[in-house]
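Novice: This is a predicted model, with the sequence first.
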Amino acid sequence: MADRDRQLAEVRAEGDHQLIEIRTKRDFQIAKLREERDHQVTAMRAERDTLQQEGITSCALAAEVAATNVDADPRPPYYGHRTLWPPWRRRSLRPPWGRSSCQYLPYVTRWDYLATMFTEAITVNAPEKLENIQIPKRASYIRMIMLELSRIASHLLWLGPFMADIGVQTPFFYILREREMIYDLFEAATGMRMMHNYFRIGGVAVDLPYGWIDKCLDFCYYFFPKVTEYERLITRNPIFLKRVEGVGIISREEAIDWSLSGPMLRASGIQWDLRKVDHYECYDELDWEIQWQKEGDSLARYLLRIGEMKESIKIIKQALEVIPGGPYENLEVRRLNKGKDSQWNDFESRFISKKPSPTFELSKQEHYMRVEAPKGELGIFFIGDDNIFPWRWKIRPPAFINLQIPPQLVKRMKLADIMTILGSIDIIMGEVDR
């Protein structure tokens, strides 16, 4: 009993000693934390007193800090990949999985589903340039008219949601009215309102229907005053100016370093438009000017797109007035040149072959083709291999490239400015995830 009592006493003494050490360390740590806290409180009080002397209250400071963005990390939605690359690249597969350059046309309109004519244009222009295929003059003018109508439709559907993002709802209803008129023109010419499948290698699928040119001219005369109406409603609005002026500024050097294109580039003071640079279609035969701004903020990007809609109307009106007659695709050229006894007059050539055909072979060479889409440079790097399937097909979407700069634009900006900045970039996720 005596030994057990002695052992218990030793254990208790040892436990008490350890408890004292733990409590001592705890008290020391608590004292150190209290000292650091007191130092921070003293510094914060001194800063508050200084700010109060300058007329800024601590509540306003706290609100400003809470509403300021620190950083951003845009992550493209790779989980929603639309698999628009593999069907054309799989030259070892047979249809329906492998697609030739002609068979792939109905799929490309899903990239930028608000400017579908441009995705069709780049899809047919790449094989045409690769094989040096000449298209009839009338087909080139028809393409140009369709492209500019599609540019207006894309800018309209940018303007409405952009204004809604910053708290202005009325323009959204106005732009839908005009956009539906453009879609009526598309439907009359192509049979479809959005996914047209209208362009062909060597021209277009069908000629313009009777009366279409007059209806398109009527739209041009109707739409130009509507753009002026948009400007009266929006441009000088003081609330709108407070939301966009000086927000999301991109300098000339930053625009070049980030490989920006389209309105994002031209709004920063760089007069670069592929319609003037690459001289594709018949743009050089018409009188029009490159729209550009030098401020580089969200307001400059808005003003630039408004100006581009006006210039597109000028281009369409001139093209409609001077559009030549003649064939609308290479098949018609061959048929007319050979006369009535040509094989191109029989049923198989005139009707069956007009559908997307898998027999168009691509020679063994490479080419990069680009067009000036509403959101920027839309390009395709194309490699042929003496096969109906391309060896390489690389898409350069403008929205994906322009999406890389928002982290630099939103730093130290208000959280409410993020919607303004993202809206001014004009991002379409169909191009981003493809």
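Specialist: Okay, I see it. What you see is a predicted model; the values in this text were computed from it and never measured. Numbering: from 1, shown residues only.
Novice: Excluding sequence neighbours, find me the nearest residue to G203.
Specialist: E329 (2.8 Å; C-beta to C-beta, 6 or more residues apart in numbering). Where you see a C-beta, it was placed from the backbone N, CA and C, and this is true even at glycine.
Novice: Just the pLDDT for that neighbour.
Specialist: Per-residue pLDDT puts E329 at 78.
Novice: Please apply the same query to the one 3 residues further on.
Specialist: What the model reports for E332 is a pLDDT of 54.
Novice: I'd say D207 and I323 touch.
Specialist: No. Taking contacts as C-beta atoms under 8 Å, D207 lies outside contact range of I323: 10.9 Å.
Novice: overlap in contacts of those two?
Specialist: R138, I142 (C-beta atoms under 8 Å, 6 or more residues apart in numbering).
Novice: give me every residue that touches V244.
Specialist: I166, D297, S298, L299, Y302, T420, S424.
Novice: Quickly check these for the two that are furthest apart.
Specialist: I166 and D297 (13.4 Å; C-beta to C-beta).
Novice: Give me the more crowded residue out of the two.
Specialist: D297 (22 against 19; other C-beta atoms under 10 Å).
Novice: Distance of the more buried one relative to P238?
Specialist: For D297, the distance to P238 equals 16 Å [C-beta to C-beta, to the nearest Å].
Novice: ditto for K314
Specialist: Going from K314 to P238 by C-beta to C-beta gives 31 Å.
Novice: Between the two, which has more neighbouring residues?
Specialist: K314 (16 against 7).
Novice: In which helix or strand does the more buried one reside?
Specialist: Here K314 sits within helix 298-322, counting by DSSP states H and E.
Novice: Quick check: phi and psi on F199?
Specialist: phi -80, psi 150 (degrees, to the nearest 10).
Novice: how many neighbours does the residue nearest to it when sequence neighbours are not counted have?
Specialist: What sits nearest to F199 in space, not counting adjacent residues and going by C-beta to C-beta, 6+ apart, is E120, at 4.0 Å. Using other C-beta under 10 Å, E120 is surrounded by 26 other residues.
Novice: what ranges do the strands span in the stretch 151-300 of the chain?
Specialist: Along the stretch 151-300 of the chain, counting by DSSP state E, counting those that start in this stretch, strands occupy 199-200, 203-204.
Novice: Let me have these in a markdown table, extended by mean pLDDT and mean neighbour count.
Specialist: As requested, these are exported to a markdown table (pLDDT from 0 to 100; neighbours: other C-beta atoms under 10 Å):
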| stretch | mean pLDDT | mean neighbour count |
| --- | --- | --- |
| strand 199-200 | 86 | 26 |
| strand 203-204 | 87 | 24 |
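Novice: In CSV, list these along with distance to T109.
Specialist: Output for the strands of the stretch 151-300 of the chain, formatted as CSV (distance: least, C-beta to C-beta, whole Å):
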stretch, distance to T109
strand 199-200, 10
strand 203-204, 15
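Novice: Quick one: closest of the ones you listed to L403.
Specialist: strand 199-200 (26.7 Å).
Novice: thinking again about what came up before, how about the strands of the stretch 151-300 of the chain, which one is nearest A255?
Specialist: strand 199-200 (30.3 Å).
Novice: what secondary structure does V108 sit in?
Specialist: helix (DSSP: H, G, I helix; E, B strand; the rest coil).
Novice: Please renumber the chain so that the first residue is 614 from this point on.
Specialist: Done: numbering now begins at 614, and the last item shifts to V721.
Novice: Skipping adjacent residues, who's closest to it in space?
Specialist: T732 (4.2 Å).
Novice: which of the residues in the helix or strand hosting that neighbour are buried?
Specialist: Taking DSSP H and E as the criterion, T732 maps to helix 729-744. Neighbour counts using 16 or more other C-beta atoms under 10 Å place 729-741, 743-744 of helix 729-744 among the buried residues.
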